[in-house]
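Student: Pasting the sequence and the predicted model now:
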Amino acid sequence: MTKKATFLFFFPSTKDASVIAQSLSPEIKHKIPKSNVRFSVDKKTLTMTIESEEISSLRAACNSYLRWIQTALSVKQLV
């Protein structure tokens, strides 16, 4: 049975949502083992969906991507 987690991030502009999604594209290409990750941007909303067969893999992928998003947001504030 596939486990799934979906996160919605709301940004002040479409550009902000796109910048964060683009900054994570290298991580999506290198894939976390045993997980499938999808990002989509709709106006000011970034949606991240993570799926995995194992709950431990899902948790690990969620933790990694959430940390990377936090890092991208921190860098964006500094620039």
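Tutor: Perfect, thanks for sending it. Numbering: from 1, shown residues only.
Student: Beyond the worst-scoring helix or strand of the chain on mean pLDDT, next helix or strand please.
Tutor: Counting by mean pLDDT, DSSP states H and E, the chain has its least confident helix or strand at helix 25-30, which shows a mean of 80. Going down the chain from helix 25-30, the next helix or strand is strand 35-42, by DSSP states H and E.
Student: Buried ones in that following strand, by neighbour count?
Tutor: Buried residues in strand 35-42, counting neighbours by 16 or more other CB atoms under 10 Å, are found at S35, V37, F39, V41. C-betas here are computed from N, CA, C, even on glycine.
Student: Closest one of the residues you listed to Y65?
Tutor: Of all those, Y65 sits closest to V37, with 6.5 Å by CB to CB.
Student: Bridged to that closest one, which residues?
Tutor: Beta-bridge partners of V37, counted by DSSP bridges, are I50.
Student: ok, back up a step: need the buried residues of strand 35-42 in JSON lines with pLDDT and distance to T49, can you?
Tutor: Output for the buried residues of strand 35-42, formatted as JSON lines (pLDDT from 0 to 100; distance: CB to CB, whole Å):
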{"residue": "S35", "pLDDT": "88", "distance to T49": "11"}
{"residue": "V37", "pLDDT": "91", "distance to T49": "7"}
{"residue": "F39", "pLDDT": "90", "distance to T49": "8"}
{"residue": "V41", "pLDDT": "94", "distance to T49": "13"}
